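this one's sequence-less:
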């Protein structure tokens, strides 16, 4: 139960899962697959700074001006501002950032944005691939595996392909002019595996 | 309280005892008298059994059963069905050993079933790590050996289960899924070795075939399909590109017991366009022969060099005797994703080229060397970095992974083909990021050959004459149907988005029977017999690349998207009983 995604579930939900599992006498895999939920695999926390995940500036803090309006996504990780530890111990913490036109933002998305920058989980909700593609015409994330599309201006909702629901959003703010985390993920990070529904116990 | 403490407080001792189980014996009925699978049985399976991916080591997909034939197949009816509880692409064959059936599903569950009644005997469910990338959520089946069965998993393990109970006997991590590796193919069992291949050609892997000890799971050998420094062929890769060059091996190999060699197809190089890695890029897009004992590469034939079209040649060649100039040759036959039908010769010291010709619209190869088979290219049809090119067949190829079949009675090879599709593609620079997509393409569009009225085909070829004998067209549907052929003179396949499962006359191509299933069929059909009754079995369950391909084809013909509900079901058919 210490596997990566579980820590993203609200604690109440997690308890329900555990109760359900105990009731039917089933269990998750043993320790070899488990990951620590502390340290670099712990989820984004308020005031974490955002840093580049890749490239020459990997590990450096990101300012709103680093993202051009309408340009393809930048991959980022949260960084603990106290320890300067980058939370890259699990890909479930990986984020995609884009600068979108503030005029086109839904109300909910505007509340999560910082100077037009929005952040989402980089994990597709269909089968867990990385959202590495960007549709330059429609300004949408696209999954390279099965072509699911998500609208960053409208809560990361599904606008094409087989994905079942929106990608998880991470609220942002500015701290000392740099991008920072304003709250927990809103929505579930990752994808639902058939036959195993973390919210409803083991499935059919 | 940390999560560990919270866990203990809610689960207590009972859960702690069961923590770690990944097998869930649903019915716990088990198998009373399981018949161990020997090397002799794998080499010469009883007519009523289907003991491996294509039933026999030669990869024919042929059943010698003939109770169901051209005269009575129209009366075929369902004997029983069972839902798998899974969505996405169901591709594995129902493997049957003396009345016990084993099927695998996406996400690596295994169902053991009474092949006559459909009773569930046990079920294994695997729990994937939550951070896995399931690029192709599918699995192509089990291997049987001794009293165990073996499955390769999406998180790059091989798991051995007790065939009678479903309990885990051993489990071996073959590679790290975080590095872009995953496994979808059925293992191949030979002489106490369990051989497996890998996926990840789009994620910067270095492909290989590995052999594990059937009893312990320990790795016996691991042979890379991209040579390392100092090995023959490493100089066909510039710099360190060999480390991330792809060459996956995601379809089960075939095996020649006389030569003790196993033949595996290899997939595309990465990134996709060739000028990102100038050179032949051995052994991508090839057939590679391995010595089963130690894993040494004993021969290869590269179908096309410096691949730039995503034409994985992962399908293993079929072992078929072919006649040329009055001589019978031990052949290797491969309907390539590149749209050519390849005839090769297997030898103790290598693989020879015999002949090749296109079986679908193809516009890239301008000439084949008559001795080696090496193609020359129309460079206008070869995409490159910032270079746009249109090529046919499309990146999904003349034939993708669904296996062809050979019927020794009709003497014909049956190919599940897709014709008249082309792709326009341009490459771009891409940075390697461990485990992520490593393709490097900008534009990717599909188009139809001008005037084309169909895509999917079932083709029948006479290999000795080199002639296509008949072809059935599936109109505005692409064909993703693995093929079964039988001594009853029949060819079975599904493969189209209209959800039909069909039987054709193997000699003439006449459609003799069809029935609609719950979902599209990309499962490998099999046939078996128990107590003198022949059955035809197949899994339905649409998904993965077939679904994406059909969406594009719908658009090309101006059709609304074909709705194909997902959900796996095992179907078993038989003739009506009096």
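In hand now; what should we look at? Being a predicted model, the structure only gives us computed values, none of them experimental.

Identify the residues contacting the residue nearest the centre of chain A.
Nearest residue to the geometric centre of chain A (Cα atoms, centre = their mean): residue A:121, 1.9 Å. Shown in contact with residue A:121 (Cβ atoms under 8 Å, 6 or more residues apart in numbering or on different chains): A:92, A:94-96, A:167-170, A:185, A:187, A:189-190. Any C-beta I mention is one placed from the backbone N, CA and C, and that applies to glycine too.

Just list whatever residues bridge to it.
According to DSSP bridges, the residues that bridge with residue A:121 are residue A:95.

same deal with residue A:69?
Here residue A:69, judged by DSSP bridges, has bridge partners residue A:99.

Which residues are in contact with it?
Applying Cβ under 8 Å, 6+ apart, one finds that residue A:69 lies in contact with A:99-101, A:116.

Now a PyMOL select for only the buried ones of those residues.
Selection command for PyMOL covering only the buried members of these, criterion 16 or more other Cβ atoms under 10 Å in any protein chain shown:
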select buried, chain A and resi 99+100+116
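
quick one: which of the contacts of residue A:69 is nearest residue B:148?
Within the contacts of residue A:69, proximity to residue B:148 (Cβ to Cβ) peaks at residue A:100, which comes in at 54.1 Å.

Contact partners for the nearest residue to residue B:457 once chain neighbours are set aside?
Ranked by Cβ to Cβ, 6 or more residues apart in numbering or on different chains and with sequence neighbours excluded, the top spatial neighbour of residue B:457 is residue B:417, at 4.3 Å. Residue B:417 makes contact with B:335, B:359-360, B:398-399, B:456-459, B:479 under the criterion Cβ under 8 Å, 6+ apart.

so for the host helix or strand of residue B:417, what's the average pLDDT?
Secondary-structure element containing residue B:417, defined by DSSP states H and E: strand B:412-418. Here the mean pLDDT over strand B:412-418 is 98, rounded to a whole number.

mind listing what the nearest residue to residue B:388 once chain neighbours are set aside touches?
Excluding the flanking residues, the one nearest residue B:388 by Cβ to Cβ, 6+ apart is residue B:426, at 4.1 Å. With contact set as Cβ under 8 Å, 6+ apart, residue B:426 has these partners: B:273, B:383-384, B:386-389, B:441-443.

ok, of the residues you listed, which come out buried?
With neighbours counted by 16+ other Cβ under 10 Å, the contacts of residue B:426 contain buried members at B:273, B:383-384, B:389, B:441-442.

can you map out the helices along chain A?
Applying DSSP state H to chain A gives helices spanning A:11-24, A:107-112.

The ones you listed: lowest mean pLDDT?
Within those, the least confident segment by mean pLDDT turns out to be helix A:11-24, at a mean of 34.

can you pick the most crowded of the contacts of residue B:417?
Neighbour counts for those, by other Cβ atoms under 10 Å in any protein chain shown, peak at residue B:479, which reaches 30 neighbours.

Can you give me the pLDDT of residue B:204?
Confidence per residue is given as pLDDT, and for residue B:204 that number is 98.

ok, now how distant is it from chain A?
Here the distance between residue B:204 and chain A works out to 12 Å (Cβ to the nearest Cβ, to the nearest Å).

helix or strand for that residue, which one?
Using DSSP H and E, residue B:204 sits within no helix or strand.

which secondary structure elements does the strand or helix carrying residue B:527 contact?
Following DSSP H and E, one finds residue B:527 within strand B:526-530. Taking 3 or more Cβ pairs under 8 Å, 6 or more residues apart in numbering or on different chains; DSSP states H and E as the contact definition, the neighbouring helices and strands of strand B:526-530 are strand B:62-63, strand B:95-97, strand B:484-486, strand B:533-540.

Highest mean neighbour count out of the ones you listed?
Among the helices and strands packed on strand B:526-530, strand B:484-486 has the highest mean neighbour count (mean count of other Cβ atoms under 10 Å in any protein chain shown), at a mean of 28.

so what does it touch, helix or strand wise?
With contacts defined as 3+ Cβ pairs under 8 Å, 6+ apart, strand B:484-486 has these neighbours: strand B:62-63, strand B:405-407, strand B:490-493, strand B:526-530.

Can I get those in a markdown table including mean pLDDT?
Putting the helices and strands packed on strand B:484-486 into a markdown table (pLDDT from 0 to 100) gives the following:
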| stretch | mean pLDDT |
| --- | --- |
| strand B:62-63 | 99 |
| strand B:405-407 | 98 |
| strand B:490-493 | 99 |
| strand B:526-530 | 99 |
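
Residue B:468: neighbouring residues, count only.
Neighbour tally, residue B:468, other Cβ under 10 Å: 17.

wait, I meant residue B:372
Other residues lying near residue B:372 total 11 when counted by other Cβ under 10 Å.

just residue B:347 next, same as before
Residue B:347 is flanked by 15 other residues according to other Cβ under 10 Å.

The one 4 residues further on now?
Residue B:351 has 22 neighbours, counted by other Cβ under 10 Å.

Quick one: residues contacting it.
By Cβ under 8 Å, 6+ apart, the residues touching residue B:351 are B:287, B:289, B:299-301, B:332, B:344-345.

Likewise for residue B:387?
When the contact criterion is Cβ under 8 Å, 6+ apart, the partners of residue B:387 are B:273, B:275, B:426-427.

which ones among those are found in strands?
When those are checked against strands using DSSP state E, the ones located there are B:426-427.

Rebuild the contacts of residue B:387 as JSON lines, extending it with pLDDT and distance to residue B:340.
JSON lines is the format used below for the contacts of residue B:387 (pLDDT from 0 to 100; distance: Cβ to Cβ, whole Å):
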{"residue": "B:273", "pLDDT": "98", "distance to residue B:340": "21"}
{"residue": "B:275", "pLDDT": "96", "distance to residue B:340": "23"}
{"residue": "B:426", "pLDDT": "97", "distance to residue B:340": "24"}
{"residue": "B:427", "pLDDT": "97", "distance to residue B:340": "23"}
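
closest to residue B:144 among the contacts of residue B:387?
Of all those, residue B:144 sits closest to residue B:273, with 41.2 Å by Cβ to Cβ.

quick one: the residue lying closest to the closest one once chain neighbours are set aside and residue A:64, what's the gap?
Taking Cβ to Cβ, 6+ apart, and ignoring the residues beside it in sequence, residue B:273 has residue B:427 as its nearest neighbour in space, at 3.1 Å. In this structure, residue B:427 and residue A:64 are 32 Å apart, going by Cβ to Cβ, to the nearest Å.
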